[in-house]
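Peer 1: just coords:
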């Protein structure tokens, strides 16, 4: 199979992580540059604990990494994790490209 | 080029594909409306689709199976949530068991298809929204079995019957 060999549990974590708007926004933010958890918490109208929870979900899905730096926890994007999601969508795109070609062939008949 | 653009939203897990065809909107609508035409393109030549039910009305359902080279069958179901001829249809799409009943744990893809006339051609936009992990993975796994990497040249040989031309 061309599709990445992800276990069901891994895929579950990935999709669950991306199913939430705040978590998607956090991913978008850290793609632009690293943030501390408290820096992220300042951006949202929710508690530090709630933001920390979102980061933990993203971390379990391998979409971000969290590292201690002094008293801060630094959040960075984990590109390999994001690329997994992209690869799944690439596979789906290939299916539809072939369908479109078949439709064009049928329409070309007259 | 048939396909003119695709857009994949990695974060929201959706895919948009835009294709243009040298045919009228009415004609392109038929490839969705007529199950005999639909089954000629939904599955690849090595896994042809057979639609046993195709209730092309809002709230209607479709049942189909795809037959593999070894005679094995993969079944699916659709539920049409909107039908606005000849410009728009929406449907839920999932895997089915041997009776054609939805396999709930396999999840659902929601598809939105729009057709519009553009300079004498028809632009078809298909947006697919994924709901669950298993559903997308299983679909892709099935896609691989269907031989999606097969050479496109083989398709022409299958499309020999001009009976569907209108």
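Peer 2: Cool, the structure landed. None of the values given here were measured: they were computed from a predicted structure.

Peer 1: How confident was the prediction at the residue of chain A found nearest chain B?
Peer 2: Nearest to chain B in chain A, going by CB to the nearest CB, is residue A:110, at a distance of 3.2 Å. C-beta coordinates here come from the backbone N, C-alpha and C atoms, glycine included. The confidence metric pLDDT takes the value 70 at residue A:110.

Peer 1: for residue A:70, same thing?
Peer 2: So residue A:70 comes in at 92 (pLDDT).

Peer 1: Then the one 3 residues further on?
Peer 2: Model confidence at residue A:73, expressed as pLDDT, equals 93.

Peer 1: Would you confirm that it contacts residue A:34?
Peer 2: No: using CB atoms under 8 Å, residue A:73 is not in contact with residue A:34, being 10.6 Å away.

Peer 1: Please enumerate the strands of chain B.
Peer 2: Ranges of strands within chain B are B:3-9, B:14-21, B:49-54, B:61-67, B:73-84, B:88-95, B:109-118, B:121-130, based on DSSP state E.

Peer 1: could those go into TSV alongside mean pLDDT?
Peer 2: Listed next are the strands of chain B as TSV, based on pLDDT from 0 to 100:
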stretch	mean pLDDT
strand B:3-9	77
strand B:14-21	87
strand B:49-54	95
strand B:61-67	93
strand B:73-84	93
strand B:88-95	92
strand B:109-118	94
strand B:121-130	90
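
Peer 1: Now render these as TSV, adding mean neighbour count.
Peer 2: Shown next, in TSV, are the strands of chain B (neighbours: other CB atoms under 10 Å in any protein chain shown):
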stretch	mean neighbour count
strand B:3-9	16
strand B:14-21	20
strand B:49-54	16
strand B:61-67	19
strand B:73-84	18
strand B:88-95	19
strand B:109-118	17
strand B:121-130	19
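
Peer 1: Turn those into CSV, including distance to chain A.
Peer 2: Formatted as CSV, the strands of chain B follow (distance: least, CB to the nearest CB, whole Å):
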stretch, distance to chain A
strand B:3-9, 4
strand B:14-21, 4
strand B:49-54, 11
strand B:61-67, 12
strand B:73-84, 13
strand B:88-95, 12
strand B:109-118, 9
strand B:121-130, 6
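
Peer 1: which helix of chain A spans the most residues?
Peer 2: As assigned by DSSP state H, the longest helix anywhere in chain A is helix A:79-108.

Peer 1: which parts of that helix are buried?
Peer 2: A:81-82, A:84-85, A:87-107 (16 or more other CB atoms under 10 Å in any protein chain shown).

Peer 1: One more: stretch A:54-69?
Peer 2: A:54, A:55, A:57, A:58, A:59, A:61, A:62, A:63, A:64, A:66.

Peer 1: Over to it now: how far is its first residue from its last?
Peer 2: Stretch A:54-69 has its terminal residues 19 Å apart, counting by CA to CA, to the nearest Å.

Peer 1: now stretch B:78-98
Peer 2: The first-to-last residue distance of stretch B:78-98 comes to 15 Å (CA to CA).

Peer 1: chain center to it, what's the gap?
Peer 2: 9 Å (CA atoms, centre = their mean, to the nearest Å).

Peer 1: which outside residues touch that stretch?
Peer 2: B:25-26, B:28-29, B:32-33, B:55-64, B:74-77, B:102-103, B:106-116, B:135, B:138-139 (CB atoms under 8 Å, 6 or more residues apart in numbering or on different chains).

Peer 1: My read is that residue B:114 contacts residue B:29, right?
Peer 2: No: counting by CB under 8 Å, residue B:114 sits too far from residue B:29 to count as a contact (11.0 Å).

Peer 1: buried ones in stretch B:94-104?
Peer 2: Going by neighbour count (16+ other CB under 10 Å), the buried part of stretch B:94-104 is B:94, B:95, B:96, B:100, B:102, B:103.

Peer 1: before we move on, back to that, tell me the SS of the residue of chain A closest to chain B?
Peer 2: coil (DSSP: H, G, I helix; E, B strand; the rest coil).

Peer 1: and it, how many residues sit next to it?
Peer 2: Residues near residue A:110, counting by other CB atoms under 10 Å in any protein chain shown, number 10.

Peer 1: Once you drop chain neighbours, what's closest to residue A:107?
Peer 2: Closest residue in space to residue A:107, ignoring its immediate chain neighbours: residue B:23 at 4.3 Å, by CB to CB, 6 or more residues apart in numbering or on different chains.
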